[in-house]
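> A predicted structure for the sequence below; I have some questions about it.
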Amino acid sequence: MTDSITIVDNRTGESREIPIENGGVAASEWQKLLPGIWFYDPGFTSTAECSSSITYLDGDNGVLRYRGYPIEQLAEKSNYLEVSYLLINGDLPTSAQFSEWEHEITHHTFIHENMRKRFLEGFHYDAHPMGILVSAVAALSTFYLDAKDIFNEESRSKQVIRLIAKMPTLAAAAHRFSVGMPFVYPDNNLKFAANFLSMMWKTGEFRLEPDPVLTRALDLLFILHADHEQNCSTTAMRVVGSSHADPYSACAAACAALYGPRHGGANEAVIRMLTSIGSIDNVDAFVKEVKEGHGRLQGFGHRVYKNYDPRAKIIKRAADDVFKITGKNPLLDVALKLEEVALNDEYFISRKLYPNVDFYSGLIYQAMGFPLEMFPVLFAIPRTSGWLAHWLEMLGQDAKIARPRQLYIGTEPRDYIAMEERK
Ligand code: CMC
């Protein structure tokens, strides 16, 4: 058996053999036989846009690995900053490398005072924190003009550190502003997740020492959300980055992609759905409505996973630890019942619809006191390291500017008609 396919142009009888490499066939080879005949693939459901060595995802078997390491092991043994180093650099850090990485990130958490005083305070009082974040990340590019120097390795590394470090500061600032609370400066004595919680919740106390169980749970959620190969926001990062825009502008585009309810907004949608269901007695009726085409079961289904999302399994277990501290989220029972009903229902079984990462993460965030509007923001904080890893990889591969083709289905040429003569 040869690892190749043969395509035949039935109009001419000409054929071409194309090798199958790394699970794909090169469209450039197809073009040699069929110039001007494009692959029609809305939503890129059958297209690999790049080759990548960052994240491995086997959706049929529910497998997720960062740089070869199973997500289960990273979730159990690692921490978010170590994982961000792994994603960016390709290998786990030595102890000395980790100390330096942690020091660098910790000492780039402050934002320019103008960012806080003039930029953030310019938003309307009830602005959505994710809208603030999208704009604030884009605005960072105006503070770091060296960021345009994207082929300078030193400059690139500096922007990577700045972005990973400043995301929690911007995220917490967006929340504080939207609820009328004063900004809290980063505390460089705290670790990454604890520092973020301090900036979120600190009020009159000298120093806020967040609960270690909740801090660990948040760090775990950061690990699980750090990367997920070519998802919608990572694709946005790569597409904008392929024009050689600076990384802040590309990252703002990725944040914007994450804002939508089909992507980073899904866990917010889950909580709204569970709240509207209200009680386990209403679950059957709700599932019936979904099957009749009225809405979707939020937090279920995935473009790639046709099995239980491994991240959802880990989060479900972590939820117990959080609820021991915060008290059980009253929506948990509805979620468990909903999962049970859906996993035993032919509609969901035949379409291979399983809980995804968002089904349980919102319950934890809500129990920890985060408002629903902060959920996509909480997703953006760790995903920044994934976005940047892909951006660096793309630049290293000297990728072409993203510029897909279309199949034109509009009108044939026609002549302009003066307005008074139009019917
Ligand atoms: N509830 C009910 N039916 C569903 C759902 C759902 N959540 N998801 C898919 N389906 C059905 C859909 O109606 C279709 O049925 P039919 O073949 O009869 O028309 C079939 O399953 C295939 O759906 P699709 O829309 O073609 O699948 P997709 O790969 O384009 O969409 C998805 C993937 C994640 C957008 C979708 O499953 C969905 O809308 N889920 C709910 C939102 C959600 O939880 N999003 C978070 C994704 S995980 C976090 C992330 O990576 O960002």
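In hand now; what should we look at?

> What is the neighbour count of the residue of the stretch 101-250 of the chain found nearest the ligand?
Going by CB to the nearest ligand atom, the ligand is nearest to residue 231 of the stretch 101-250 of the chain, at 5.0 Å. To be clear about C-beta, it is placed using only N, CA and C from the backbone, and glycine gets the same treatment. Look at residue 231: counted by other CB atoms under 10 Å, it has 24 neighbours.

> of all the residues in the protein, which ones are close to the ligand?
Neighbours of the ligand within the chain, by CB under 6 Å from any ligand atom: 228, 231, 262-264, 266, 290, 296-303, 351, 353, 356-358.

> how about the nearest residue to the residue of the stretch 101-250 of the chain closest to the ligand, chain neighbours excluded?
Excluding the flanking residues, the one nearest residue 231 by CB to CB, 6 or more residues apart in numbering is residue 263, at 6.9 Å.

> Just say helix, strand or coil for the one you found.
When classified by DSSP: H, G, I helix; E, B strand; the rest coil, residue 263 comes out as coil.

> got any ranges where the stretch 301-423 of the chain has weak pLDDT?
Flagging of the stretch 301-423 of the chain using pLDDT under 70 yields an empty set of residue ranges.

> What residue in it comes nearest to the ligand?
Nearest residue of the stretch 301-423 of the chain to the ligand: residue 301, at 2.5 Å (CB to the nearest ligand atom).

> Now do the end-to-end distance for stretch 12-23.
By CA to CA, to the nearest Å, the extent of stretch 12-23 from end to end equals 28 Å.

> Okay, buried residues for stretch 172-182 please.
Residues 172-178 are the ones in stretch 172-182 that count as buried (16 or more other CB atoms under 10 Å).

> of all those residues, which comes closest to residue 131?
Relative to residue 131, the closest of the buried residues of stretch 172-182 is residue 174; by CB to CB it sits at 8.4 Å.

> Just give me how far whichever strand or helix holds that closest one sits from the chain centre.
Following DSSP states H and E, one finds residue 174 within helix 153-178. How far helix 153-178 lies from its chain's middle: 16 Å, per CA atoms, centre = their mean, to the nearest Å.

> Wait, the residue nearest to residue 231 touches residue 236, no?
No - with contact defined as CB atoms under 8 Å, residue 263 does not reach residue 236; the gap is 9.7 Å.

> So, low pLDDT: which residues of the stretch 101-250 of the chain?
Residues of the stretch 101-250 of the chain that meet the cut-off, pLDDT under 70, do not exist.

> What about residue 383, how many residues nearby?
26.

> Let me fix that, I meant to ask about residue 34.
Residue 34 sits with 16 neighbouring residues when counted by other CB under 10 Å.

> could you measure it against residue 8, distance?
Per CB to CB, to the nearest Å, residue 34 is found 10 Å from residue 8.

> Residue 96 too?
58 Å.

> More neighbours: these two, which one.
Neighbours were counted for residue 96 and for residue 8 using other CB under 10 Å; residue 8 has more, 11 against 8.

> who's in contact with the nearest residue to that one once chain neighbours are set aside?
Nearest non-adjacent residue to residue 8, counting by CB to CB, 6+ apart: residue 15, 4.4 Å away. Contacts for residue 15 (CB atoms under 8 Å, 6 or more residues apart in numbering) come out as 6-9, 33.

> and if you look at residue 265?
So residue 265 contacts 130, 258-259, 375-376 (CB under 8 Å, 6+ apart).

> Including secondary structure, could those go into a markdown table?
Listed next are those as a markdown table, based on three-state DSSP:
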| residue | secondary structure |
| --- | --- |
| 130 | helix |
| 258 | helix |
| 259 | coil |
| 375 | helix |
| 376 | helix |
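
> does the residue nearest to residue 67 when sequence neighbours are not counted sit in a helix or strand, and which one?
If the residues on either side of it in the chain are set aside, residue 67 comes closest to residue 86, at 5.3 Å by CB to CB, 6+ apart. Secondary structure assignment for residue 86, by DSSP H and E: helix 80-89.

> anything in contact with each of residue 34 and residue 8?
By CB under 8 Å, 6+ apart, no residue touches both residue 34 and residue 8.

> any idea what sits nearest residue 48, other than its immediate chain neighbours?
Among residues not flanking residue 48 along the chain, residue 24 sits closest, at 4.9 Å (CB to CB, 6+ apart).

> Quick one: neighbours of that neighbour, just the number.
The burial count for residue 24: 12, using other CB under 10 Å.

> so how far is residue 401 from it?
Distance from residue 24 to residue 401, by CB to CB: 21 Å.

> Endpoints of stretch 217-237, how far apart?
27 Å.

> let me fix that: stretch 290-302
One end of stretch 290-302 to the other measures 16 Å (CA to CA).

> Also stretch 55-74?
Stretch 55-74 end-to-end distance (CA to CA) = 13 Å.

> With stretch 401-418 instead?
One end of stretch 401-418 sits 39 Å from the other (CA to CA).

> got the buried residues for that stretch?
residue 402.

> Give me the residues contacting that stretch.
Taking CB under 8 Å, 6+ apart as the rule, stretch 401-418 contacts 38, 40, 49, 238-239, 242-243.

> Can you select the buried ones from these in ChimeraX?
A single ChimeraX command selects the buried members of these (16+ other CB under 10 Å):
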select :49,238,239,242
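
> In JSON lines, list the contacts of stretch 401-418 along with secondary structure.
Compiled in JSON lines, the contacts of stretch 401-418 are given as follows (three-state DSSP):
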{"residue": "38", "secondary structure": "coil"}
{"residue": "40", "secondary structure": "coil"}
{"residue": "49", "secondary structure": "coil"}
{"residue": "238", "secondary structure": "helix"}
{"residue": "239", "secondary structure": "helix"}
{"residue": "242", "secondary structure": "coil"}
{"residue": "243", "secondary structure": "coil"}
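
> Which pair in the contacts of stretch 401-418 has the greatest spatial separation?
Spatial extent of the contacts of stretch 401-418 (CB to CB) is set by the pair 40 and 243 at 24.4 Å.

> about what we covered before: so what sits against both of residue 263 and residue 236?
Residues touching both residue 263 and residue 236 (CB under 8 Å, 6+ apart): residue 257.

> For the stretch 51-200 of the chain, which segments count as helices?
Using DSSP state H, counting those that start in this stretch, the helices of the stretch 51-200 of the chain run over residues 71-77, 80-89, 95-106, 113-114, 129-140, 153-178, 192-201.

> With distance to residue 326 as added columns, please give the ones you listed in CSV.
What follows is the helices of the stretch 51-200 of the chain, written out as CSV (distance: least, CB to CB, whole Å):
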stretch, distance to residue 326
helix 71-77, 20
helix 80-89, 20
helix 95-106, 27
helix 113-114, 35
helix 129-140, 21
helix 153-178, 18
helix 192-201, 13
